[in-house]
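Colleague: following is a predicted model, sequence given first.
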Amino acid sequence: MDKPPTAFERRATASQIPSTVSRVVLIGFMGAGKSTVGRRLASAMGWECVDLDDEIADREGMEVPEIIRRRGIAVFRAVESRMGREVLRRRRAVIAVGGGWPSEPGNMDLLGKGTLSVWLQVSPETALRRLARSRAPRPLLGSPDPLAQAESLLAARSAHYRRAALAVDTEGHSPHDVAARILELLRSGGARAQAAQAGEGMLAARGRAGEL
Ligand code: S3P
C-alpha cells in the first residue's frame, strides 16, 4: 500500500489540473481496475471518489449482484442510468462507472462539458484473472464459459468505450501506475482536456501506462 499523498502534494497536484476539468469519469470492462484506480487518482488530486455501483448499493440497500439476481438486469440498468445522471453532476470528483454503463443508450452522451472520460483498457483474459481475486461476484460472467462471454461482451461494448476522450492500457500495470499516467495526461494535456470537454471523442494521446 502506498503512502497517501500529503496535503501539500495534493495542493501542488490540484494546481496542475486544467480548470476546465470538473470531473474525471473512468469507463471500461469489468476487471479494468476502475474502482481501485479511481480511489488512487482521487486521493492524489484531493478530489472525491465516486463508485457508481457503491452509490447504487447504498441507495437500494443491497449489493449490485443481488439487485441483478432479484430484480433482473433491465431494472438494474434503469437504476444505473438514473443514478449515473445524478453522480455525473458532481464536481471535483473521480467517478468509476460499471462496465455496462457506457452501452446503455444516451449514457455516453452525458460525458460532455467539464468531463474528462478515460477508458481503462484490459483484455478479457487479464480481466478474468483479476476478477478471480475479487470478492464481488460479476453475474454477467457467470456462464460455463466466462472467457467466451467476456470476449463477446467486450466486442459489443468496445464501440462505446472508444468514445472516451483518452484510453490508457492497464495490461501489466499496477493501479498506481495507471493513476499516475492519467495524472500525467491531465497535467500535460490542458488542450486535450479542453477538447474532451467539447465532446470530441477519443483523442490522439492514447496513453500507455508505465511510460512515465
Ligand atoms: C457490470 C459491471 C459491474 C456491475 C455489474 C454489471 C457489467 O461493475 O456494474 O455487475 O455489465 O459490465 P464493474 O465494471 O465495476 O465490475
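Modeller: Arrived safely.

Colleague: now do the residue lying closest to residue 34 once chain neighbours are set aside against the ligand, distance only.
Modeller: For residue 34, ignoring the flanking residues on the chain, the nearest one in space by CB to CB, 6 or more residues apart in numbering is residue 96 at 3.9 Å. C-beta here means a position set from N, CA and C on the backbone, and glycine is covered the same way. Look at residue 96 and the ligand: by CB to the nearest ligand atom, to the nearest Å, they are 7 Å apart.

Colleague: now residue 20
Modeller: For residue 20, the distance to the ligand - CB to the nearest ligand atom - is 27 Å.

Colleague: near that residue, how many other residues are there?
Modeller: Neighbour count for residue 20, taken as other CB atoms under 10 Å: 17.

Colleague: just say helix, strand or coil for it.
Modeller: coil (DSSP: H, G, I helix; E, B strand; the rest coil).

Colleague: hmm, it is touching residue 114, no?
Modeller: Yes: between residue 20 and residue 114 a contact is recorded at 6.7 Å, counting by CB atoms under 8 Å.

Colleague: what are the contacting residues of stretch 132-151?
Modeller: 29-31, 63-65, 68-69, 73, 100, 124-125, 127-128, 131, 153 (CB atoms under 8 Å, 6 or more residues apart in numbering).

Colleague: cool, stretch 47-58 as well?
Modeller: Outside stretch 47-58, the residues touching it (CB under 8 Å, 6+ apart) are 24, 35, 38-39, 41-43, 63-64, 67, 76, 79-80, 83-84, 86-87, 90, 92-98, 101.

Colleague: for residue 103, give me its contacts.
Modeller: Residue 103 touches 156-157, 160, counting by CB under 8 Å, 6+ apart.

Colleague: what's the answer for residue 125, then?
Modeller: Residue 125 touches residue 147, counting by CB under 8 Å, 6+ apart.

Colleague: what pLDDT is listed against it?
Modeller: Residue 125 carries a pLDDT value of 97.

Colleague: shouldn't it be within a strand?
Modeller: No: read with three-state DSSP, residue 125 is helix and lies in no strand.

Colleague: for residue 101, see how far away it is.
Modeller: 23 Å (CB to CB, to the nearest Å).

Colleague: please apply the same query to residue 54.
Modeller: 13 Å.

Colleague: ok, the two, which is more surrounded?
Modeller: residue 101 (22 against 14).

Colleague: all helices of this protein, in order?
Modeller: 7-14, 34-45, 52-60, 64-71, 73-87, 124-132, 146-161, 175-188, 190-197 (DSSP state H).

Colleague: would TSV of these with distance to residue 168 be doable?
Modeller: Conversion of the helices of the chain to TSV gives the following (distance: least, CB to CB, whole Å):
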stretch	distance to residue 168
helix 7-14	18
helix 34-45	9
helix 52-60	19
helix 64-71	24
helix 73-87	21
helix 124-132	14
helix 146-161	12
helix 175-188	5
helix 190-197	13
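
Colleague: so of those, which one's packed in deepest?
Modeller: Burial of the helices of the chain is given as mean neighbour count (mean count of other CB atoms under 10 Å); helix 34-45 ranks first at a mean of 23.
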